[in-house]
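K.L.:
fold the following, please.
(2 chains)
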Amino acid sequence: AQSVTQLGSHVSVSEGALVLLRCNYSSSVPPYLFWYVQYPNQGLQLLLKYTTGATLVKGINGFEAEFKKSETSFHLTKPSAHMSDAAEYFCAVTATNTGNQFYFGTGTSLTVIP
Amino acid sequence: SAVISQKPSRDICQRGTSLTIQCQVDSQVTMMFWYRQQPGQSLTLIATANQGSEATYESGFVIDKFPISRPNLTFSTLTVSNMSPEDSSIYLCSDSRRGQGEQFFGPGTRLTVL
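P.N.:
Sure thing, here's the model as predicted:
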């Protein structure tokens, strides 16, 4: 079975500061991992994904995440926060052999302070 | 990327009525999914809809309450039946495209039940 834990339902950072959103997963098979962003009153947009290969993946809007198997983590980072980054962020996992059943974390709301 | 549209984008409905939400995707896909996102919550999978077969419902969701149609490879509908205020949520559809791993999401339908 798969599951996702996002530590911190609310994160606040100052504009220009490092953004770190935490995601830990549980999976009995090699996972595919994703970060989605949801802006107010919008659907979900894919930020980045890890399937196989390089464990440091780069996404849109300057975000990146690193798959650490030993820590079962897939934390999302951005070196310098921008006001436009304020949104809800969801980590998700799917197993490679179960036909795309996705499991979402509870989400982290990011506030950027000017 | 993918283009997925939903109709209506939002609606306000009376208790006891039903609403059908339409989801149109821009490419033929085998698997489509329907999610519910209650206010301030993460996404909960309602059902998986494969073309040519009955939808598969997750625990806590039943066909009588959330009937789903999947008449072809680019279209699906979700009906929320006999609505109550507890059904007030955002309903999102998504699809899964072979070889890409991720799910692509529609913009969501914001439903308020009075």
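K.L.:
count of residues packed around residue 21?
P.N.:
Chain wasn't specified; assuming chain A. 25 (other CB atoms under 10 Å in any protein chain shown). The way it works is simple: take the backbone N, C-alpha and C, and place the C-beta from them, glycine included.
K.L.:
I was thinking of chain B, sorry if that wasn't clear
P.N.:
For residue B:21, the count of nearby residues is 23 (other CB under 10 Å).
K.L.:
state the three-state secondary structure for residue B:59.
P.N.:
coil (DSSP: H, G, I helix; E, B strand; the rest coil).
K.L.:
what residues are up against residue B:43?
P.N.:
The contact partners of residue B:43, taken as CB atoms under 8 Å, 6 or more residues apart in numbering or on different chains, are A:44, A:90, A:104, B:35, B:36, B:37, B:92.
K.L.:
among those residues, name the ones in strands.
P.N.:
Among the contacts of residue B:43, the members falling in strands (DSSP state E) are A:44, A:90, A:104, B:35, B:36, B:37, B:92.
K.L.:
state the pair within those that is farthest apart.
P.N.:
Spatial extent of the ones in strands among the contacts of residue B:43 (CB to CB) is set by the pair A:90 and B:36 at 14.1 Å.
K.L.:
thought residue A:92 was touching residue A:31?
P.N.:
No. Applying CB atoms under 8 Å as the test, residue A:92 and residue A:31 come out as separate, 9.8 Å apart.
K.L.:
still on that earlier bit, in PyMOL, how would I select the buried members of the ones in strands among the contacts of residue B:43?
P.N.:
Buried members of the ones in strands among the contacts of residue B:43, defined by 16 or more other CB atoms under 10 Å in any protein chain shown, are picked up in PyMOL with:
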select buried, (chain A and resi 44+90+104) or (chain B and resi 35+36+37+92)
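K.L.:
how about the contacts made by the residue nearest the centre of chain B?
P.N.:
Per CA atoms, centre = their mean, the C-alpha nearest to the average position across chain B is that of residue B:34, at 3.3 Å. Contact analysis of residue B:34 by CB under 8 Å, 6+ apart lists B:23, B:45, B:46, B:47, B:49, B:66, B:68, B:76, B:78, B:91, B:92, B:93.
K.L.:
one more pass at 7 Å, please.
P.N.:
B:46, B:47, B:49, B:68, B:78, B:91, B:93 (CB atoms under 7 Å, 6 or more residues apart in numbering or on different chains).
K.L.:
in terms of helices and strands, where is the second one?
P.N.:
Here residue B:47 sits within strand B:43-50, counting by DSSP states H and E.
K.L.:
next, the buried residues of that strand.
P.N.:
Judged by neighbour count using 16+ other CB under 10 Å, the buried positions of strand B:43-50 are B:43, B:45, B:46, B:47, B:48, B:49, B:50.
K.L.:
closest to chain A among these?
P.N.:
Chain A has its nearest neighbour among the buried residues of strand B:43-50 in residue B:43, at 4.7 Å by CB to the nearest CB.
K.L.:
before we move on, the earlier item: so which of the contacts of residue B:34 reach chain A?
P.N.:
When the contacts of residue B:34 are checked against chain A using CB under 7 Å from any CB of the partner chain, none falls in range.
K.L.:
may I ask which two of the residues you listed are separated the most?
P.N.:
Among the contacts of residue B:34, B:49 and B:91 lie farthest apart (CB to CB), at 13.0 Å.
K.L.:
could you point out where chain A is predicted with low confidence?
P.N.:
A:96-100 (pLDDT under 70).
K.L.:
skip the chain neighbours and tell me the closest residue to the residue nearest in space to the middle of it.
P.N.:
With distances taken as CA atoms, centre = their mean, the residue of chain A nearest its centroid is residue A:35 (3.4 Å). Nearest residue to residue A:35, sequence neighbours excluded (CB to CB, 6 or more residues apart in numbering or on different chains): residue A:47, at 4.3 Å.
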